[in-house]
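Provide a 3D model corresponding to the input given below.
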Amino acid sequence: MKTIKTLLALIFTAALLFFSFLAASPYLTFYKIKQAVDAEDVQALSSYIDYPALRDNLKTQALSAINAELGKEKNNPFAALGSAFAAKGADALVDALITPENIMLAIGSGQLVRGQIQSGKPTPQNKENIKEDAKNYTASWLDWSHMLAHKKGESRGYIFRRNAPLGWDWKLAGVRTK
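Presented below is the predicted three-dimensional model:
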């Protein structure tokens, strides 16, 4: 009888530790991303980004914004043509701008969530902004496999996705800009 209780306690403790680690895993990923940005380690940062998913997410948002703008032109026969050209241009722009270096700069400066991606290198001022900005972020669970890292009081932020249902590997997979 005592061995059954001990075995059940051991199983319960193991399950509790496992699920606690699963719940804490996104915060560990956020910490590692901050370390990579602070160290300017582009390769380490890239390991936490799902580039195809991020590009698709940003292209979808760009296309929605373009269609919303061009949708205001109901009587313009060139609106559909303009929409097609703008969609191709947005695709090419997103593909060109979503590079590891630009993501590092954009995450640190908050440009990515404001839809203001620019290329370049971090400056000393940007580095200070990155450190100060990181203090203002929090995280909210969207569901078991998705988490939103965002500034306190804002709904826009970085969407992270768990790579397996019971995995602790998280990657940046999108951005909520509105």
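
Please make it C-alpha for all contacts and neighbour counts, starting now.
Fine.

now the helices for the protein?
Counting by DSSP state H, one finds helices in the chain at the ranges 2-38, 42-46, 51-70, 79-97, 100-109, 111-114, 124-134.

Select, out of those helices, the one closest to residue 149.
Smallest distance to residue 149 across these (C-alpha to C-alpha): 8.4 Å, for helix 2-38.

picking that back up, give me whichever of the helices of the chain is most buried.
helix 100-109 (a mean of 22; mean count of other C-alpha atoms under 10 Å).

tell me the mean pLDDT for that one?
Helix 100-109 carries an average pLDDT of 77.

got the angle between that helix and helix 2-38?
With axes from the mean of the first three to the mean of the last three C-alpha atoms, to 10 degrees applied, the angle from helix 100-109 to helix 2-38 works out at 100 degrees.

Which strands or helices does helix 100-109 pack on?
Judged by 3 or more C-alpha pairs under 8 Å, 6 or more residues apart in numbering; DSSP states H and E, helix 100-109 is in contact with helix 42-46, helix 124-134.

Mind telling me which of those helices the model trusts least?
helix 124-134 has the lowest average pLDDT among those, namely a mean of 58.

Now for this protein, the helix or strand with the poorest mean pLDDT.
Ranked by mean pLDDT, DSSP states H and E, the weakest helix or strand in the chain is helix 111-114, scoring a mean of 50.

how about a markdown table for the helices of the chain, with distance to residue 149 added?
Formatted as a markdown table, those follow (distance: least, C-alpha to C-alpha, whole Å):
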| stretch | distance to residue 149 |
| --- | --- |
| helix 2-38 | 8 |
| helix 42-46 | 16 |
| helix 51-70 | 15 |
| helix 79-97 | 21 |
| helix 100-109 | 11 |
| helix 111-114 | 10 |
| helix 124-134 | 10 |
